[in-house]
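Engineer: okay, here's the prediction I keep looking at, along with the sequence it came from:
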Amino acid sequence: MAAFGKLKNVFSFVISQCLKSKVFDRCVLPVMTYGSETWSLTMGHLNKLQVAQRAMERTMLDNSLRDRIRNYEIHRRTKVVDMAQRICKLKWQWTGDIAYRNDDRWSRKVLELDGRSRNGQA
């Protein structure tokens, strides 16, 4: 949200929606999804992220909740990348990266952790 707040004046200008969408996709979305590969997301967390994204999209369109425009219509107009889909894509990419590693980094060890100690001690 801070990244969007700093760019709010850009989204308030009378510029094309295409340009606003590009700024959002390249400046705001990466900040909001940074490190999301390792987040343990619940549906509640994902819902909060989507609500925040829709609020930002409404600001980009200069609309409010009182205008009663449906979410799919807002998304159709802004054409920005959906945050939930981006997070899922990042998680799958990270999982693939971990699966193909052949070294002894902590991430690979955690992936192969089975909960039992090596010495037979609990």
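Structural biologist: Thanks, I have the structure now. Residues are numbered from 1 along each chain as shown.

Engineer: A55: which element?
Structural biologist: Secondary structure assignment for A55, by DSSP states H and E: helix 43-61.

Engineer: chain center to that helix, what's the gap?
Structural biologist: Computed by C-alpha atoms, centre = their mean, to the nearest Å, the chain-centroid distance of helix 43-61 equals 10 Å.

Engineer: one more: stretch 89-106?
Structural biologist: With C-alpha atoms, centre = their mean, you get 19 Å for stretch 89-106.

Engineer: I'd say F11 and L19 touch.
Structural biologist: No. In this structure, F11 is not within contact of L19 by C-beta atoms under 8 Å, at 9.9 Å. (Each C-beta comes from the backbone N, C-alpha and C, glycine too.)

Engineer: more crowded one of these two?
Structural biologist: The residue with more neighbours, out of F11 and L19, is F11; 19 against 12, by other C-beta atoms under 10 Å.

Engineer: would you mind measuring from the more buried one to L61?
Structural biologist: With the distance defined as C-beta to C-beta, to the nearest Å, F11 ends up 9 Å from L61.

Engineer: name the residues of stretch 54-73 that are buried.
Structural biologist: 54, 56-61 (16 or more other C-beta atoms under 10 Å).

Engineer: please apply the same query to stretch 73-83.
Structural biologist: Under 16+ other C-beta under 10 Å, the buried positions of stretch 73-83 are 74, 78, 80-81, 83.

Engineer: which of the residues you listed fall in helices?
Structural biologist: Assignment to helices by DSSP state H places the following of those there: 74, 78, 83.

Engineer: thinking again about what came up before, now the buried residues of stretch 54-73 in TSV, with pLDDT?
Structural biologist: Output for the buried residues of stretch 54-73, formatted as TSV (pLDDT from 0 to 100):
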residue	pLDDT
R54	90
M56	88
E57	89
R58	88
T59	86
M60	86
L61	87
